[in-house]
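> sequence-free structure coming up:
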């Protein structure tokens with residue numbers, strides 16, 4: 001690698017290619033990239049119809065920009081920041097009984113996830129790397145220089161965990177450790193997981209996570225058994241688009257809130273796991 005960048009050998013590489021690899025603003029602070037929008041992975045592929053999606057990225061001046069695009073958009077061309085390890089994050093949104101439900105995002109990071117073809121620079125967004133892109137977005141919001149972090153090794157180590165759902169990792173802890181500008185495998189800390197049982201009507205239900213399985217509920221079942229980290233989640237019934245919000249605290253206690261079709265619209269049933277209480281609002 002040292003020989004490649006000696007004074008004489010550097011002239012063998014096109015200037016454009018060198019700028020892409022280094023992120024160095026030799027020509028300008030901006031770079032035009034075309035994002036490719038991924039389909040949901042199995043088993044959600046073809047099951048989820050997003051109403052729209054939000055793309056968050058950093059513009060040529062370094063400011064964070066959020067843009068909304070309609071369902072069915074296959075690619076988006078943007079002018080982004082030309083800097084190593086700059087994230088692009090896509091949040092799918094579906095409408096459930098008039099309420100927007102946001103899924104965990106897909107993501108990609110410039111320039112590692114890019115390739116060059118006759119149409120320019122293409123950046124591949126993926127669900128597998130949505131976690132890393134979201135973490136880097138948080139870091140850049142806090143003015144952390146992400147350019148020195150070994151992103152390639154971070155990708156490899158997360159992939160090697162083979163946990164099925166990268167969002168089981170503690171992204172707050174990882175971001176805190178990465179803010180020092182380096183990466184170690186020990187930064188990949190898993191969150192505690194709690195058993196949650198959610199009463200639900202008949203149907204096929206999914207979590208607002210691209211790696212969710214499909215939970216089938218029939219009349220003789222008491223509910224849906226889930227293993228969740230602390231945080232806020234939503235269960236969605238695929239046909240009716242009814243939804244149940246779930247809030248899990250740091251000790252595993254949880255509350256569920258679901259829309260129920262009573263005589264008057266807008267009614268909600270709140271279930272508290274700790275005292276088994278049910279309240280209708």
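On my side now, so go ahead. For clarity, every value in this text was computed on a predicted model and none was experimentally measured. Numbering: from 1, shown residues only.
> hang on, residue 134 in a helix?
Yes. The assignment for residue 134 (DSSP: H, G, I helix; E, B strand; the rest coil) places it in a helix.
> isn't it right next to residue 169, touching?
No. Between residue 134 and residue 169 there is no contact under C-beta atoms under 8 Å: 11.0 Å. Yep, even glycine has a C-beta here, placed from its N, CA and C like the rest.
> buried set for the lengthiest strand in the chain?
Identified as the longest strand of the chain according to DSSP state E is strand 86-96. Under the neighbour-count criterion of 16 or more other C-beta atoms under 10 Å, strand 86-96 has 86-94, 96 buried.
> adding pLDDT and distance to residue 142, write the residues you listed out as a markdown table.
Converted to a markdown table, those look like this (pLDDT from 0 to 100; distance: C-beta to C-beta, whole Å):
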| residue | pLDDT | distance to residue 142 |
| --- | --- | --- |
| 86 | 98 | 15 |
| 87 | 98 | 13 |
| 88 | 98 | 18 |
| 89 | 98 | 15 |
| 90 | 97 | 21 |
| 91 | 97 | 19 |
| 92 | 96 | 25 |
| 93 | 96 | 25 |
| 94 | 95 | 30 |
| 96 | 92 | 32 |
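> what's the burial count for the closest residue to residue 147 other than its chain neighbours?
Nearest residue to residue 147, sequence neighbours excluded (C-beta to C-beta, 6 or more residues apart in numbering): residue 84, at 4.0 Å. The local packing of residue 84 (other C-beta atoms under 10 Å) involves 19 other residues.
> local confidence estimate at residue 84?
At residue 84, the pLDDT value in this model is 96.
> who are the contact partners of the nearest residue to residue 88 once chain neighbours are set aside?
Excluding the flanking residues, the one nearest residue 88 by C-beta to C-beta, 6+ apart is residue 57, at 4.6 Å. By C-beta atoms under 8 Å, 6 or more residues apart in numbering, the residues touching residue 57 are 64-65, 78, 80-81, 86-89.
> between the two ends of stretch 142-160, what distance do you get?
28 Å (C-alpha to C-alpha, to the nearest Å).
> ok, now stretch 193-209?
Note: stretch 193-209 ends 16 Å apart using C-alpha to C-alpha.
> in it, what's buried?
Residues 194, 196, 198, 200, 205-209 are the ones in stretch 193-209 that count as buried (16+ other C-beta under 10 Å).
> can I get these in JSON lines with pLDDT and distance to residue 144?
Output for the buried residues of stretch 193-209, formatted as JSON lines (pLDDT from 0 to 100; distance: C-beta to C-beta, whole Å):
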{"residue": "194", "pLDDT": "96", "distance to residue 144": "31"}
{"residue": "196", "pLDDT": "94", "distance to residue 144": "34"}
{"residue": "198", "pLDDT": "93", "distance to residue 144": "37"}
{"residue": "200", "pLDDT": "91", "distance to residue 144": "41"}
{"residue": "205", "pLDDT": "96", "distance to residue 144": "38"}
{"residue": "206", "pLDDT": "97", "distance to residue 144": "34"}
{"residue": "207", "pLDDT": "97", "distance to residue 144": "30"}
{"residue": "208", "pLDDT": "97", "distance to residue 144": "28"}
{"residue": "209", "pLDDT": "97", "distance to residue 144": "26"}
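> out of those residues, what pair is the most spread apart?
With C-beta to C-beta as the measure, no two of the buried residues of stretch 193-209 lie farther apart than 194 and 206, at 19.3 Å.
> measure stretch 180-189 end to end?
End residues of stretch 180-189 are separated by 16 Å (C-alpha to C-alpha).
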